[in-house]
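Enquirer: What follows is a protein structure lacking sequence information:
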Ligand code: PAF
């Protein structure tokens, strides 16, 4: 199977390096920055953490024309880059190419479906934790489950093949008939952890160490759960606050992806996480004051380093 991974961030590098190392697929990494692509091509991807340290050579290019038509495209770009990335990869798409999004937040699957058609889209979430230490250099901080599904709930033969590539590369992966429930279940973890850790600059584990952050975490999660209930979304756990706290403990030393973005002065995924809860709350008539405050504060930080128009 030929797999194209779009975006050499922490997750893109993690999947590209291990799929290549375990020889599970012909892997191509697509980078929109030609200088960085050349650097990663020369040095390979450096992976450390979880008792391992290796350097893996990968096929990487910034030129879409270098890559032959592919069986699977995995989007590992930030949510605000989804539309641009999909338009860029259109030449790689054959009729039976699957496009898998493993991005955080709400709305990616719908946007991809609009452009490539519902039938070719796979949604997914991953709880593997990786931190980008430099170009093509990552720390693999925590192993977690990956879940993949289709909007219409069908489980297809190619999906089984994709699951095998992930599993044989060391990423515990399963298929789900309810990908919407899975995406919401992950969204609620990000709602509870990401903005709060980015604003306080605390690790996921440290969020549980003071009553104040615990209280805010619980408020934002409670608001999101009210919306999920109203939409009849089935979460995959019974006690959402306890679940978020258990993920904070399991990923105690992680800097959440939004904290990494803020530290690197990058635009965050706030509009797809807490901001999405605020929007949904408005349209359903559910108050989301705690999510609104976190969204506005993150946007205020972003606007301080966003180039002025
Ligand atoms: O975005 C992230 O950082 C991760 O999804 C999670 C689960 C919050 C762990 O850091």
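Expert: Ah, there it is. Computed from a prediction, not measured in an experiment: that's the story for all the values here.
Enquirer: I'd like the secondary structure assignment at whichever residue of the stretch 101-250 of the chain sits closest to the ligand, please.
Expert: Per C-beta to the nearest ligand atom, residue 193 is where the stretch 101-250 of the chain lies closest to the ligand, at 4.1 Å. All C-beta atoms are positioned from the backbone trio N, CA, C, and that covers glycine. Under DSSP: H, G, I helix; E, B strand; the rest coil, the three-state class of residue 193 is helix.
Enquirer: residues in contact with the nearest residue to residue 203 once chain neighbours are set aside?
Expert: Distances taken as C-beta to C-beta, 6 or more residues apart in numbering place residue 253 nearest to residue 203, at 5.7 Å, with adjacent residues excluded. Listed by C-beta atoms under 8 Å, 6 or more residues apart in numbering, the contact partners of residue 253 are 141, 203, 204, 205.
Enquirer: if we go to 10 Å?
Expert: 129, 131, 139, 141, 142, 203, 204, 205, 206 (C-beta atoms under 10 Å, 6 or more residues apart in numbering).
Enquirer: For the stretch 101-250 of the chain, which residues are neighbours of the ligand?
Expert: Along the stretch 101-250 of the chain, the residues adjacent to the ligand under the rule C-beta under 6 Å from any ligand atom are 104, 127, 129, 189, 190, 193, 194, 204, 247.
Enquirer: how many other residues sit next to the last one?
Expert: Here the count is done by other C-beta atoms under 10 Å, and residue 247 has 22 residues near it.
Enquirer: Can you get me a residue count around residue 282?
Expert: Residue 282 is flanked by 12 other residues according to other C-beta under 10 Å.
Enquirer: Next, it: phi, psi?
Expert: Phi and psi for residue 282, reported as degrees, to the nearest 10, are phi -60, psi -50.
Enquirer: contacting residues around the residue lying closest to it once chain neighbours are set aside?
Expert: Of all residues not flanking residue 282 in the chain, residue 288 sits nearest, at 7.9 Å (C-beta to C-beta, 6+ apart). Applying C-beta under 10 Å, 6+ apart to residue 288 gives the contacts 191, 219-220, 222-224, 226-227, 274-275, 277-282, 294-295.
Enquirer: re earlier: for the contacts of residue 253, which entry has the maximal number of neighbours?
Expert: Result: residue 204 is most packed of those (other C-beta under 10 Å), 28 neighbours.
Enquirer: Against residue 259, how distant is that residue?
Expert: 9 Å (C-beta to C-beta, to the nearest Å).
Enquirer: Kindly report the same for residue 40.
Expert: Distance from residue 40 to residue 259, by C-beta to C-beta: 24 Å.
Enquirer: Return the residues in contact with residue 2.
Expert: 25-28, 67-73, 92, 97.
Enquirer: buried ones in stretch 176-187?
Expert: For stretch 176-187, burial by neighbour count (16 or more other C-beta atoms under 10 Å) applies to 176, 179, 180, 181, 182, 183, 184, 185, 186, 187.
Enquirer: Okay, and which of these map to strands?
Expert: Counting by DSSP state E, the buried residues of stretch 176-187 place residue 176 in strands.
Enquirer: Need the buried residues of stretch 176-187 in TSV (columns: distance to residue 164 and pLDDT).
Expert: Shown next, in TSV, are these (distance: C-beta to C-beta, whole Å; pLDDT from 0 to 100):
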residue	distance to residue 164	pLDDT
176	16	98
179	19	96
180	24	96
181	23	97
182	19	96
183	22	97
184	26	97
185	24	97
186	22	96
187	27	97
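Enquirer: Kindly list the main-chain dihedrals of residue 60?
Expert: According to degrees, to the nearest 10, residue 60 has phi -140, psi 140.
Enquirer: tell me the contacts of the nearest residue to it once chain neighbours are set aside?
Expert: Of all residues not flanking residue 60 in the chain, residue 29 sits nearest, at 4.2 Å (C-beta to C-beta, 6+ apart). By C-beta under 10 Å, 6+ apart, residue 29 lies in contact with 3-8, 12-13, 15-17, 19-20, 37, 40-41, 45, 58-62, 67, 74, 76, 136.
Enquirer: returning to that earlier point: may I ask which two of the contacts of residue 253 are separated the most?
Expert: The span of the contacts of residue 253, defined through C-beta to C-beta, is set by 139 and 206 at 17.8 Å.
Enquirer: now residue 79, nearest residue through space, not along the chain?
Expert: Using C-beta to C-beta, 6+ apart, the closest residue to residue 79 is residue 272 (4.1 Å).
Enquirer: That neighbour and residue 248: what is the separation?
Expert: 20 Å.
Enquirer: Tell me the confidence at the residue positioned nearest the centre of the chain?
Expert: Taking C-alpha atoms, centre = their mean as the criterion, residue 103 is the residue nearest the geometric centre of the chain, at 2.9 Å. pLDDT, residue 103: 94.
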